[in-house]
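> I'll drop the sequence and a predicted model, then ask my questions.
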Amino acid sequence: MATEPEAAVAAATAALAFAGVSAGESHTCGVTTDNRAYCWGRNGDGELGDGTTNDRNTPVAVVGGLRFIQVSAGFSTTCGVTTDHRAYCWGFNLLGEVGDGTTENRDSPVAVVGGHKFSQIEANFEHTCGLSYPDNKAYCWGSNEEGQLGIGTNDGVPHSTPLPVSGGLTFRRLTAGYNHSCGVTTSDKIYCWGLNTNGQLGDGTDVVRRKTPRLVTGGLAFSWVDAGANHTCGITTDAHAFCWGYGKDGERGDGSVTERIRIPRAVLGGHLFTRVSAAVFHTCGVTPSNQAWCWGLNINGELGDGTTIFNRLTPRLVAGGLALNQVSAGAFHTCGRTTASVGYCWGNNVSGELGNGTTSVSLKPSPVSGPN
């Protein structure tokens with residue numbers, strides 16, 4: 001009879017080989033090393049892209065035969081960039097976040113209209129942003145009630161086609177939060193726009209919203225940024241992590257539970273990071289030595305440290321000794337990819353978002369199963 005570690009290795013060996021994973025609100029998607037997209041978890045709005053609205057607790061192939069270089073799982077919408085730099089989205093679309101010119105939900109991929117090519121796309125709560133290829137311009141679409149599209153208004157009108165973000169900045173990475181957006185420019189600066197009630201824009205002010213990009217204060221040089229629900233985190237060019245915005249559950253990792261911080265604060269612990277992923281109430285990052293650390297709310301085991309100790313105010317090492325070179329924090333679960341291209345997830349699993357064939361919570365990384 002196989003031991004538990006042997007069973008886990010067997011499951012991981014049989015699983016898909018992932019180039020990257022993305023955790024959404026209650027679903028997860030990944031791109032395999034041969035550029036196929038798979039999703040699992042909640043599917044009530046078609047966010048798995050398999051042509052149905054049935055939940056799945058193991059990976060299911062996204063239909064359409066498209067080849068992807070990247071996918072982004074949002075709240076109930078998923079988007080991806082194909083190998084020919086075209087953007088496709090599927091799932092919830094009431095506010096135009098799919099970008100196909102309609103407000104109809106889609107249970108399979110549809111092309112984002114406008115003729116743009118993209119190198120990256122990010123879906124979140126009610127809007128989506130994409131980085132154009134090869135000129136590195138920002139476009140956003142969907143809800144704009146808080147100015148999160150960056151187009152100079154907060155008209156509250158759904159925008160179902162991509163619109164250029166004001167300011168003419170060129171970016172190397174974009175990120176969409178719940179009601180705000182941010183990007184790292186090609187000159188290593190972070191700009192943010194949208195809702196700012198919790199200081200998530202990092203501009204040092206208590207202005208409620210910004211309708212166009214605003215420079216994050218502090219004079220730091222950044223290489224990475226990721227926007228959560230009400231907080232934002234970035235990695236500097238010398239690999240230090242900083243967060244700002246809401247932090248009552250420890251999601252800033254600065255050792256405090258101060259509700260709002262409006263300027264970047266260093267994540268404690270002395271770790272260097274290559275990537276960071278901000279979610280609703282928790283944040284995770286990976287180090288140059290392929291260790292994953294998480295901090296913040298842990299009620300569902302989303303930090304992966306083997307406990308449900310409620311709040312972690314500083315980074316905690318993800319259990320299991322895995323070599324993880326990418327993590328993605330969802331609403332109440334987290335997923336990662338090992339250096340051997342195996343997908344693992346941990347935390348909440350009520351809709352099968354861990355992809356391990358169950359709907360049971362996992363306090364430690366659990367390997368994503370192979371597809372049915």
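Nice, thanks for sending it over. None of these values were measured; they are calculated from a predicted model.
> pretty sure Arg316 sits against Leu297.
No. The criterion here is Cβ atoms under 8 Å, and Arg316 misses it with Leu297 at 11.9 Å. Every residue, glycine included, has its C-beta placed from N, CA and C.
> for my notes, confirm Trp193 occurs in a helix.
No. Going by DSSP: H, G, I helix; E, B strand; the rest coil, the assignment for Trp193 is strand, not a helix.
> that one: neighbouring residues, count only.
29 (other Cβ atoms under 10 Å).
> that one reaches Thr212, doesn't it?
Yes. Trp193 lies in contact with Thr212 (Cβ under 8 Å); the separation is 5.9 Å.
> hey, what's in contact with both of the two?
Applying Cβ atoms under 8 Å, 6 or more residues apart in numbering, one finds that Trp193 and Thr212 are jointly contacted by 147, 150, 165.
> mind telling me what element Pro365 is part of?
Per DSSP states H and E, Pro365 falls inside strand 362-367.
> same question but for Gly355, I mixed them up
Residue-wise, Gly355 maps onto no helix or strand under DSSP H and E.
> wait, what's in contact with Ala23?
73, 277, 279, 328-330, 333-335, 345, 353.
> with adjacent residues omitted, what lies nearest to it?
Gly330 (3.1 Å; Cβ to Cβ, 6 or more residues apart in numbering).
> roughly how far does that neighbour sit from Arg214?
From Gly330 across to Arg214, the span is 27 Å (Cβ to Cβ, to the nearest Å).
> the residue nearest to Asn372 when sequence neighbours are not counted: neighbour count?
In space, and not counting its chain neighbours, Asn372 is closest to Thr58: 5.4 Å by Cβ to Cβ, 6+ apart. Counted with other Cβ under 10 Å, the neighbours of Thr58 add up to 19.
> sheet partners, orientation included, of the helix or strand encompassing Thr58?
According to DSSP H and E, Thr58 maps onto strand 56-61. Strand pairing for strand 56-61, using DSSP bridges, gives strand 37-41 (antiparallel).
> so how far is the partner strand from its chain's centroid?
15 Å (Cα atoms, centre = their mean, to the nearest Å).
> average pLDDT across that strand?
Strand 37-41 shows a mean pLDDT of 98.
> for stretch 241-256, same thing?
For stretch 241-256, the mean confidence score works out to 98.
> in it, what counts as buried?
The neighbour-count check on stretch 241-256 (16 or more other Cβ atoms under 10 Å) flags 241-255 as buried.
> for that stretch, what is the distance to the chain centroid?
17 Å.
> endpoint to endpoint, it covers what distance?
Its start and end residues considered, stretch 241-256 measures 15 Å (Cα to Cα, to the nearest Å).
> now swap in stretch 17-34 and tell me
By Cα to Cα, the extent of stretch 17-34 from end to end equals 8 Å.
> same deal with stretch 37-54?
17 Å.
> can you list the buried residues in it?
Going by 16+ other Cβ under 10 Å, stretch 37-54 has these buried residues: 37-51.
> what does stretch 259-269 give?
Buried-residue list, stretch 259-269, by 16+ other Cβ under 10 Å: 260-262, 264-268.
> what is the nearest of those to Gly183?
Closest approach between those and Gly183, by Cβ to Cβ: Pro264, at 15.3 Å.
> so Gly204 sits in a helix?
No. Counting by three-state DSSP, Gly204 is not part of a helix but coil.
> now do the contacts for it.
Gly204 is in contact with 217, 262-263, counting by Cβ under 8 Å, 6+ apart.
> closest to Thr77 among those?
Arg262 (29.2 Å).
> can you tell me the closest non-neighbouring residue to the closest one?
Gly199 (3.4 Å).
> quick revisit: a markdown table for the contacts of Ala23, including distance to Ser143, secondary structure and neighbour count?
A markdown table is the format used below for the contacts of Ala23 (distance: Cβ to Cβ, whole Å; DSSP: H, G, I helix; E, B strand; the rest coil; neighbours: other Cβ atoms under 10 Å):
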| residue | distance to Ser143 | secondary structure | neighbour count |
| --- | --- | --- | --- |
| Ala73 | 18 | strand | 31 |
| Ser277 | 22 | strand | 26 |
| Ala279 | 19 | coil | 28 |
| Ser328 | 22 | strand | 25 |
| Ala329 | 22 | strand | 29 |
| Gly330 | 20 | coil | 29 |
| His333 | 24 | strand | 32 |
| Thr334 | 25 | strand | 33 |
| Cys335 | 26 | strand | 35 |
| Cys345 | 28 | strand | 29 |
| Glu353 | 23 | coil | 31 |
